[in-house]
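everything below, folded, please.
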Amino acid sequence: MADEPEDDKPQPPTEAQLEQEADPDQAVFAEQAIHSYATWALDQFRESLTSTLDNFGNWVMSQGDAEMFDNGAFFESVGQVALGQIMELFGGSATPIGQAVYRMVGGSLDQAVRQEAEASLFVAELSRTARDACWYLRDNLSGILANQWDQLRDLAYEGSSEFIPVLHQLGLPLAELDTATLQSSMVGEAERYRASVPREQEAATKDVDGAKEADPKAEENQKTFDDEEGQKQAV
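Presented below is the predicted three-dimensional model:
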């Protein structure tokens, strides 16, 4: 009989498979450890993230010229800054978790830019979206990381914590958020937008003034026309 192809021959069980066969409960314990750590990290992160976004909304409303921020141009600019910062916290859009977050937050931001009329409502919607994204990750982590789940579970066997750094490499944010960076980035964008508004208003004022300067000439032409018409009627 011809030898069986190498690929068709039965392969010896891996070390992880042997451990599972020896103690099936280890798979359950490993998954519990992964979910437990991810839930803890996401809960801490969510509280810091939403608090930072809410604080930015309060900063906007505390400004004496807060009404200038109530327009879509500002929503678009500050929303893109916030999205960029948030994506960095999730490891970028190339990570499996980052991809899931981008679909949620990016889509909601686009909708809020079109629908909201006040900056306070826009920022509140951004905060709510970030909160919901964290909850979604918490409840659907194994599905989002379906292609990496077996690897993570193997790393969590026998109470090992080797899965933790790998989980963060896949996009899980750190529990401790650098709130100062996110806050300063959004405030900086608001200040940049504010600085651009006077120049736009100045340009609009010049257009109005130019129209006013043309008024005397228009009045003179009108007077000449009226005089000519009067002379024609007199003849």
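
can we go C-alpha only for contacts and neighbour counts from here?
Fine.

ramachandran coordinates for Leu170?
The phi/psi pair for Leu170 (degrees, to the nearest 10) reads phi -80, psi 0.

which element follows the helix or strand where Thr50 lies toward the C-terminus?
Of the helices and strands defined by DSSP states H and E, Thr50 is found in helix 25-62. Per DSSP H and E, the first helix or strand lying C-terminal to helix 25-62 is helix 72-89.

grab the most central residue of this protein for me.
Centrality entry for the chain: nearest residue to the mean C-alpha point is Leu83, 2.7 Å, by C-alpha atoms, centre = their mean.

and Val198, how many neighbours?
Let me fix one detail, which is that residue 198 is Pro and not Val. If you count neighbours by other C-alpha atoms under 10 Å, Pro198 ends up with 11.

for Phe75, that is, sorry about that
24.

that one is in contact with Ala119, isn't it?
Yes: the pair Phe75 / Ala119 is scored as a contact, 7.1 Å apart, by C-alpha atoms under 8 Å.

who touches both of those two?
Residues touching both Phe75 and Ala119 (C-alpha atoms under 8 Å, 6 or more residues apart in numbering) are Phe69.

shaky segments in this protein?
Scanning the chain for pLDDT under 70 picks out 1-24, 199-235.

who's in contact with Ala190?
So Ala190 contacts 74, 78 (C-alpha under 8 Å, 6+ apart).

got a list of what the closest residue to Leu174 other than its chain neighbours touches?
Among residues not flanking Leu174 along the chain, Ala41 sits closest, at 6.4 Å (C-alpha to C-alpha, 6 or more residues apart in numbering). Residues near Ala41 by C-alpha under 8 Å, 6+ apart: 173-175.

again with Gln99
Contact analysis of Gln99 by C-alpha under 8 Å, 6+ apart lists 92-93.

redo that, cut-off 7 Å
Ser93 (C-alpha atoms under 7 Å, 6 or more residues apart in numbering).

could you say which helix or strand contains it?
helix 96-115.

what angle do that helix and helix 72-89 make?
Between helix 96-115 and helix 72-89, the angle comes out at 170 degrees (axes from the mean of the first three to the mean of the last three C-alpha atoms, to 10 degrees).

before I go, just wanted to say thanks for your time.
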